[in-house]
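S.K.: Predicted model and sequence follow; I will ask about them next.
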Amino acid sequence: MTGENDALLLRRVLAGEPEIYAQLVDRYRDRLGRYALRMLGERADAEDVLQETFVRAYRSLARCDPERFGAWVFGILVNRCRTHAARRARTQARIVTNDAAMAGASVAHSEDRDAIRDAISWALEQLPTEQREAFLLKHVEDLSYDEMEVMTGARPSALRMRVLRAREGLRKLLAEAVRD
Amino acid sequence: MTDQEDALTRMIAVLKQPVDIGPDLTARVMAEVRQAPVPALDETATPERNWWRRRWTVRFGPLGALATAAGIAAIALASQRVGRRAGVESMERSATVARTPGPTQFVLVAKEAKAVSLVGDFNDWSLSATPLTRSDGNGVWWVTVPLVPGRYRFAYVVDGTVWRPDPEAPAAEDEFGRPNSVLTIGGS
């Protein structure tokens, strides 16, 4: 996620051409959107967070290393997704706590479970936020643990553990989803 | 186990499939961008605010008195003279709340910490954007951040997980109930 073109575009924005920023948004929206969608599950939520991320990035653009715009804006997105997930978990905590077993069972054993996508979405959603984040960054975004450390602030050893637990959890969840 | 591994591999392949967000998102972003001020090149770099050349003074209170039972305490400092990082000699106690725009030094005493970062409104609460540097031997962590006038919420994060407000700054709480501190930088 680096490139001279990013740097040139960014410098033009900073030099007084804000409309150029649209090109940077176009360049990264799908890649970042994929992460937001996988992380949050709901497309509307993902688009809201993505919009917020790009606007925040624009307002802080002077602090960005022009050679690393992609990684920098991705870092903002990771942070915003975490914040959004925490807010959602907080507002839904009572429901989730009370109905966790039933909610899992009802989705896993519903007719929809035959759809791979539904099973995958359901399984991802069952993971703790930190594990889901680490799993997606490692296996879907193909980041190194060093890159993940910069992005999340967590140490590689902790990130490895989160990925390991996420994989273990997902194996069990996927097996459960397809068992019946 | 092999079937489970295969399922996981298929899952990753599905998750990697591209997502088409569409141009509407760009349009919505740009509608907001047009309402925002044009982001200037680092405003602290103008001659009158050339903070890294300006001299500043580090002022803070006795470190021992700041340490909590957990060995962690924090103070946020306004700084006006270069070259005195987190030394402990000839210090005078200063207000926790910085009054002067420009470089603001944040200091945390955390003897057992292995890593400390500063999170706040000014860095989008990023755990990685503003790491503190540890001074040798004395458990003092510090970082200097240029801040323009305004009211900021901030906190320290120790070892990536432990959220610490500044005990001497006015307290606040974020939307998740985490304790934060408030730092007010006065106008010129």
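M.R.: Alright, I've got the coordinates. Residues are numbered from 1 along each chain as shown, chains lettered A, B, ... in the order given.

S.K.: OK, now which residue of chain B is nearest to chain A?
M.R.: residue B:127 (2.5 Å; C-beta to the nearest C-beta). Using the backbone N, CA and C atoms, a C-beta is placed for each residue, glycine as well.

S.K.: For that residue, the count of nearby residues, please.
M.R.: Burial of residue B:127 is recorded as 24 neighbouring residues (other C-beta atoms under 10 Å in any protein chain shown).

S.K.: Next: residue A:46.
M.R.: Residue A:46 - counted by other C-beta under 10 Å - has 25 other residues nearby.

S.K.: ok, the residue of chain A found nearest chain B to residue A:146 distance?
M.R.: For chain A, the residue closest to chain B is residue A:153, as judged by C-beta to the nearest C-beta, at 2.5 Å. Separation of residue A:153 from residue A:146 (C-beta to C-beta, to the nearest Å): 13 Å.

S.K.: Quick one: residues contacting residue A:159.
M.R.: Counting by C-beta atoms under 8 Å, 6 or more residues apart in numbering or on different chains, residue A:159 touches A:134, A:138, A:145, A:148, A:149, A:152.

S.K.: For the chain, name the helix or strand with the lowest mean pLDDT.
M.R.: Unless you meant another one, I'm taking chain A. When each helix and strand of chain A is scored by mean pLDDT, DSSP states H and E, helix A:69-108 comes last, with a mean of 67.

S.K.: My question was about chain B, not that one.
M.R.: Per mean pLDDT, DSSP H and E, helix B:63-66 ranks last in chain B, at a mean of 35.

S.K.: Let me see the backbone angles for the residue nearest to residue B:36 when sequence neighbours are not counted.
M.R.: Nearest residue to residue B:36 in three dimensions, chain neighbours excluded: residue A:59, at 5.7 Å (C-beta to C-beta, 6 or more residues apart in numbering or on different chains). Note on residue A:59: backbone dihedrals following degrees, to the nearest 10 are phi -70, psi -30.

S.K.: what about residue A:59, how many residues close to it?
M.R.: As a burial measure, residue A:59 scores 15 neighbours (other C-beta under 10 Å).

S.K.: what about the strands in the chain?
M.R.: Picking chain A for this. Along chain A, counting by DSSP state E, no stretch forms strands.

S.K.: my bad, the chain I had in mind was chain B
M.R.: All strands of chain B, identified by DSSP E, fall at B:72-78, B:102-110, B:116-120, B:133-134, B:140-147, B:150-158, B:162-164, B:171-173, B:179-185.
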